[in-house]
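K.L.:
Give me the fold of what follows.
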Amino acid sequence: MRKNRWIIVLVLVGLVALTVVEGIINPRIEAKQQAYTAEQQNPLTHDFTALQKYRSPYMGDFSNLSHLNQGLPLAEYLNGYQLYPDTFTAEVNYSLRSDELQEEELKRMLVYNATANFVLIDNLEHIVYQLEDTRYSLDREATKQWAGLKLEALQAPNKWDSYVREQLVSPEQVEIAFSQIIDN
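P.N.:
Now for the predicted structure:
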């Protein structure tokens, strides 16, 4: 009789614990993960420090380049890469039309992504973003001039925030940055 009571108590405790884990804890963890994922699609809230592991001296490290761009805004639209080692150029293809996003937001993302690529890949000189209906080419030297300091210095999170993220807040700043580093 006592044995049966203990079994019933243990089963009830197990059911309560399962309910708490599945009904409260897991949904909270999932909600936090979804919020973090959504933040990663916006240059103003993106976690740049998470990309530090993709720092490389060589653009020819295809796996590294691929993982880096999968961690940047617009990753959900990635549609392949092409490397041109003779000109130190990476082409990133997106299954996205330029009119699917607001122009300002698209430009903000392209400047942010290109700057991240130039900062974290030492010998990358040009990056081309190929959308379904247009092509944007951005240049390392122009990005350096826009940032106003050596790109390696932007690896420090506080420098990244003040020299990149804070310079992409207003529409005017985005337009200035885009027009300065676009190579079309």
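
K.L.:
Sticking with the closest residue to residue 167 other than its chain neighbours, tell me its helix or strand.
P.N.:
Closest residue in space to residue 167, ignoring its immediate chain neighbours: residue 173 at 5.4 Å, by CB to CB, 6 or more residues apart in numbering. The way it works is simple: take the backbone N, C-alpha and C, and place the C-beta from them, glycine included. Using DSSP states H and E, residue 173 sits in helix 171-181.

K.L.:
what helices or strands is that helix leaning on?
P.N.:
When contacts are defined as 3 or more CB pairs under 8 Å, 6 or more residues apart in numbering; DSSP states H and E, helix 171-181 packs onto helix 103-120, helix 140-147.

K.L.:
Following element in sequence after the first one, please.
P.N.:
Looking back up the chat, that one is helix 103-120. That would be, after helix 103-120 and using DSSP H and E, strand 126-130.

K.L.:
cool, the last one as well?
P.N.:
Once the chain leaves helix 140-147, the next helix or strand it forms, by DSSP H and E, is helix 157-163.

K.L.:
got a list of contacts for that following helix?
P.N.:
48, 49, 119, 147, 148, 149, 153, 154 (CB atoms under 8 Å, 6 or more residues apart in numbering).

K.L.:
number of nearby residues for the residue nearest to residue 167?
P.N.:
Neighbours of residue 173 under the rule other CB atoms under 10 Å: 14.

K.L.:
Please work out the average pLDDT along stretch 127-144.
P.N.:
Stretch 127-144 shows a mean pLDDT of 96.

K.L.:
May I see the buried residues of that stretch?
P.N.:
Residues 127-131, 136-140, 142-144 are the ones in stretch 127-144 that count as buried (16 or more other CB atoms under 10 Å).

K.L.:
just stretch 55-66 next, same as before
P.N.:
56, 59, 64, 65, 66.

K.L.:
same check, this time on stretch 32-50
P.N.:
For stretch 32-50, burial by neighbour count (16+ other CB under 10 Å) applies to 40, 43, 46, 48.

K.L.:
and stretch 77-84, what's its mean pLDDT?
P.N.:
The average pLDDT within stretch 77-84 is 95.

K.L.:
Look at the residue lying closest to residue 112 once chain neighbours are set aside and report its pLDDT.
P.N.:
Residue nearest to residue 112 in three dimensions, not counting chain neighbours: residue 43, with 3.7 Å by CB to CB, 6+ apart. Residue 43 carries a pLDDT value of 92.

K.L.:
List phi and psi for residue 43.
P.N.:
Reported as degrees, to the nearest 10, the phi and psi values for residue 43 are phi -60, psi -30.
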